[in-house]
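1. I'd like to go over a predicted model; first the sequence, then the structure.
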Amino acid sequence: MIIVGELINASRKAIREAIESGDDAYIKEVARDQDQAGATYIDANAGIFVGEEGKYMKWLIELIQSVSEKPVAIDSPDPKVIEEALGLCRVTPMLNSISLEKDRWEKLLPIVAANNELKVVALCMSDAGMPTTCEDRLKIADRLIEGLTAKGVKAENIHVDPLVQPLGTDHKFGLEFMESVRAIAERFPGVHFMCGLSNISYGLPARKFLNRIFMAQAIVCGLDGAIVNPLDKGMMAAIAAAETLAGKDKSSIRYLRAYRQGLIEA
Amino acid sequence: MAVKDVYQAVLDYDEDGIAALVEKELAAGTDVNELLQAGLISAMDEVGKLFSEGELYVPEMLLAAQTMKVGLEILKPKLKDGGAGAASVVVIGTVKGDLHDIGKNLVGMMLEGGGFEVHDLGVDVDSKDFVAAVKKHNASILGLSALLTTTMPAMEETVKTLREAGLDKVKIMIGGAPVTQAFADKIGADGYSEDAPGAVELARGLNK
């Protein structure tokens, strides 16, 4: 499972305050904790600081890299911010994210084309709005993947985000998402996934519980990447259990490791 | 007190049964306006209150709103016939560059449940289109939604465009995850609400 640690995001109060007060120790601590908890990438987002996003993004990336060898996920829609951030990254980062929205597509495609090894999250969203059905998502994924591969991006560097929609507003939204994961994995071999999953439980109680079960089900359907809080032990346990149950964990080695780390509680 | 049955049908999400109850009341000669106010609207007020208190959740609020709407559709033509209770008009939409619609849709449904006439312009709406719709529908309130920090400036732009068009009496209310009361004050909006039932209260207050 490719796990992007989501915590260093300025829309979270603690991070916003750390950025505003220049508290580098706190950023480093959050980066280190996520690394040790099993994050594959460490996300960096300074999007709320309009006009100063680039400056803070650089600051965040430098701090993350000072304590972690893990690659960064550059979480910004701004081409200037992304270009500057790319120059700082020691390990090939992930770009979060390009989409079919005309403006975003046109601004970010040249960057992706010029940095062929970049991992890129391809968000299933277009100017026509947000997809709700499996069919909607397939159509958008098709155009995203075709457009990216036409620019020389390898399938294995593309992470499709099928876009999770809240179950509370339509009882089929969980199912449609999972079916689209299955369909995209089947139609585009080699392509990976990435998604923020917690939107599924918007408007419902006991969200963490639902999020974990949904994660496990989506993994069985083929989901192999997610942006989560790696410090959420219950979520990490659900991922380890789901992967071993889905036949993706030979000899259950990772499950057993998670158990020994104390993540799994019976 | 059979208006109470209509009220209860909304709280019980009785989407299939409410039409018959409303028809029965109309046949018995119950005042249309009373059915609307004491039956449908006060039921949605109760739903909104329970939601804000954390007793009800989003799918339940939606189901109640759908149930209410079944009843409302029966009453609507009769309300116009009688000329009673002209609803005040709200135009809503998500601002330019932003495609999020879930919160905005909830607000729209609750406003309708609260007795407002709602014109929903959808997502990614240009400021000029907001102004045109406000004029066309003679709206007293404009509701703007934004879910991205990057589209919050489009809210400010829309407020400006509306004011420049000389529509000073139209009240503007805003909402969305990154939006705050402080931001509403800053851009000169008339109000902010953090949830859909709150938006109904706010709209009623702004109309006074």
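-> That came through fine. Numbering: from 1, shown residues only, chains lettered A, B, ... in the order given.

2. wait, what's in contact with the closest residue to A:G174 other than its chain neighbours?
-> Ranked by Cβ to Cβ, 6 or more residues apart in numbering or on different chains and with sequence neighbours excluded, the top spatial neighbour of A:G174 is A:L167, at 5.0 Å. The way it works is simple: take the backbone N, C-alpha and C, and place the C-beta from them, glycine included. By Cβ atoms under 8 Å, 6 or more residues apart in numbering or on different chains, the contact set of A:L167 is A:F173, A:G174, A:I200, A:S201, A:Y202, A:L204, A:L210, B:P59.

3. Which of these fall within helices?
-> A:F173, A:G174, A:L210, B:P59 (DSSP state H).

4. State the pLDDT value of the residue lying closest to the first one once chain neighbours are set aside.
-> This means A:F173. Of all residues not flanking A:F173 in the chain, A:Q165 sits nearest, at 4.4 Å (Cβ to Cβ, 6+ apart). A:Q165 is assigned 95 on the pLDDT scale.

5. Ok, the one 5 residues further on next?
-> Turning to A:D170, the model gives it a pLDDT of 95.

6. Spell out, range by range, the strands that occur in the chain.
-> I went with chain A, as the question did not name one. Counting by DSSP state E, chain A has strands at residues A:2-5, A:41-44, A:72-75, A:94-99, A:119-123, A:158-161, A:192-193, A:225-228.

7. ah, I was thinking of chain B
-> Assigned by DSSP E, the strands in chain B fall at B:89-94, B:117-120, B:141-145, B:171-175, B:191-192.

8. Spell out which residues of chain B are next to chain A.
-> Applying Cβ under 8 Å from any Cβ of the partner chain, we find that chain B lies next to chain A at B:57-59, B:62, B:97, B:99-102, B:105-106, B:123-124, B:149-150, B:153, B:178.

9. So which of these sit within helices?
-> Reading helices off these with DSSP H, I get B:V58, B:P59, B:L62, B:I102, B:N105, B:L106, B:P153.

10. residues contacting the fourth one?
-> Taking Cβ under 8 Å, 6+ apart as the contact definition, B:I102 lies against A:Q165, A:P166, A:T169, A:Y202.

11. Isn't the first one up against A:S180?
-> No. With contact defined as Cβ atoms under 8 Å, A:Q165 does not count as touching A:S180 (10.7 Å).

12. before we move on, the earlier item: may I see the ones in helices among the residues of chain B next to chain A organised as a markdown table, with pLDDT added?
-> Listed next are these as a markdown table, based on pLDDT from 0 to 100:
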| residue | pLDDT |
| --- | --- |
| B:V58 | 95 |
| B:P59 | 96 |
| B:L62 | 95 |
| B:I102 | 92 |
| B:N105 | 95 |
| B:L106 | 95 |
| B:P153 | 93 |
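
13. Just the closest of those to A:K154, please.
-> Nearest to A:K154 among those, counting by Cβ to Cβ, is B:I102 at 34.7 Å.

14. Okay, B:A64 and chain A: tell me how far apart.
-> As judged by Cβ to the nearest Cβ, to the nearest Å, B:A64 and chain A stand 13 Å apart.

15. how many neighbours does that residue have?
-> Using other Cβ atoms under 10 Å in any protein chain shown, B:A64 has 28 other residues around it.

16. and it, what pLDDT?
-> pLDDT, read off for B:A64, is 97.

17. Grab the nearest non-local neighbour of it.
-> Nearest non-adjacent residue to B:A64 (Cβ to Cβ, 6+ apart): B:V47, at 4.4 Å.

18. Can you point out the buried residues in the lowest-mean-pLDDT helix or strand in chain B?
-> Sorting the helices and strands of chain B by mean pLDDT, DSSP states H and E puts helix B:58-82 at the bottom, at a mean of 89. Across helix B:58-82, burial judged by 16 or more other Cβ atoms under 10 Å in any protein chain shown covers B:58-65, B:67-72, B:74-75, B:79.

19. can you list the residues of the stretch 51-200 of chain A near chain B?
-> A:77, A:101, A:103, A:125, A:127, A:129-130, A:165-169, A:171.

20. Just the buried ones from those?
-> The neighbour count (16+ other Cβ under 10 Å) marks A:P77, A:E101, A:M125, A:M130, A:Q165, A:P166, A:L167, A:G168, A:T169 as buried among these.

21. if we can go back for a sec, would you turn the strands of chain A into a markdown table with mean neighbour count and distance to B:E25?
-> Output for the strands of chain A, formatted as a markdown table (neighbours: other Cβ atoms under 10 Å in any protein chain shown; distance: least, Cβ to Cβ, whole Å):
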| stretch | mean neighbour count | distance to B:E25 |
| --- | --- | --- |
| strand A:2-5 | 24 | 56 |
| strand A:41-44 | 26 | 56 |
| strand A:72-75 | 27 | 55 |
| strand A:94-99 | 24 | 50 |
| strand A:119-123 | 25 | 49 |
| strand A:158-161 | 25 | 50 |
| strand A:192-193 | 22 | 53 |
| strand A:225-228 | 25 | 51 |
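
22. now the ones you listed in TSV, with mean pLDDT?
-> Converted to TSV, the strands of chain A look like this (pLDDT from 0 to 100):
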stretch	mean pLDDT
strand A:2-5	98
strand A:41-44	98
strand A:72-75	98
strand A:94-99	97
strand A:119-123	98
strand A:158-161	98
strand A:192-193	98
strand A:225-228	98
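
23. Redo those as JSON lines? Include distance to A:A237.
-> Output for these, formatted as JSON lines (distance: least, Cβ to Cβ, whole Å):
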{"stretch": "strand A:2-5", "distance to A:A237": "13"}
{"stretch": "strand A:41-44", "distance to A:A237": "20"}
{"stretch": "strand A:72-75", "distance to A:A237": "23"}
{"stretch": "strand A:94-99", "distance to A:A237": "24"}
{"stretch": "strand A:119-123", "distance to A:A237": "25"}
{"stretch": "strand A:158-161", "distance to A:A237": "23"}
{"stretch": "strand A:192-193", "distance to A:A237": "20"}
{"stretch": "strand A:225-228", "distance to A:A237": "12"}
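
24. Understood, closing this out.
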